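Provided below are the primary sequence and the corresponding predicted coordinates.
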Amino acid sequence: MNSSPVPWKVLSANVGVGILTEGWTLDVVYPDSMDARHFVGEVVFDSPFAAPPVVHLGLTGFDVDRRASARLSIKAQKITKLGFQAVITTWDATRVFSVEFEWLAIGA
């Protein structure tokens with residue numbers, strides 16, 4: 001069986017989100033609640049992949065209120081050939097004003 005090799009495709013970008021981003025609420029702390037709070041940002045690829053790629057996220061910066069510990073996580077979910085969701089999470093009394101991250105998508 002002969003098949004043609006499929007070339008790798010690599011896309012990447014730097015993203016910044018925060019208090020000026022629509023839907024951002026990670027700077028708000030609810031009294032007596034230690035529940036996790038999330039912001040979901042949609043990332044759309046400049047050109048689609050043939051199938052969902054592998055996506056890697058790297059945190060490159062953040063602005064957090066100094067009065068509480070810096071609790072922050074970021075992950076990619078709902079990855080498709082067109083894009084993915086970047087989910088930024090904080091919890092307890094942490095107030096997050098902005099987050100910067102880079103993403104790298106590798107696929108065919």
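Done, it's in. Numbering: from 1, shown residues only.

which non-adjacent residue is nearest the residue most central in space within the chain?
Centre of the chain computed as the mean C-alpha position; nearest residue by CA atoms, centre = their mean is residue 86, 2.7 Å away. Distances taken as CB to CB, 6 or more residues apart in numbering place residue 41 nearest to residue 86, at 4.6 Å, with adjacent residues excluded. Yep, even glycine has a C-beta here, placed from its N, CA and C like the rest.

Could you do residue 11 as well?
Spatially, and ignoring its direct neighbours in sequence, residue 11 is nearest to residue 105 (4.8 Å; CB to CB, 6+ apart).

Find the helix or strand that the one you found is a member of.
Following DSSP states H and E, the helix or strand that holds residue 105 is strand 96-107.

mind listing what that strand pairs with, with the direction of each?
Strand 96-107 pairs in its sheet with strand 9-18 (antiparallel), strand 54-64 (antiparallel), by DSSP bridges.

Rebuild those as TSV, extending it with distance to residue 47, mean neighbour count and mean pLDDT.
Converted to TSV, those look like this (distance: least, CB to CB, whole Å; neighbours: other CB atoms under 10 Å; pLDDT from 0 to 100):
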stretch	distance to residue 47	mean neighbour count	mean pLDDT
strand 9-18	7	14	98
strand 54-64	15	15	97
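
Residue 48: which of the ones you listed is closest?
Judged by CB to CB, the one of these that comes nearest to residue 48 is strand 9-18, at 9.4 Å.

what does that closest one rub up against?
Here strand 9-18 makes contact (CB atoms under 8 Å, 6 or more residues apart in numbering) with 24, 39, 41, 43, 45-47, 49-50, 53, 60-61, 63, 86, 88, 96-108.
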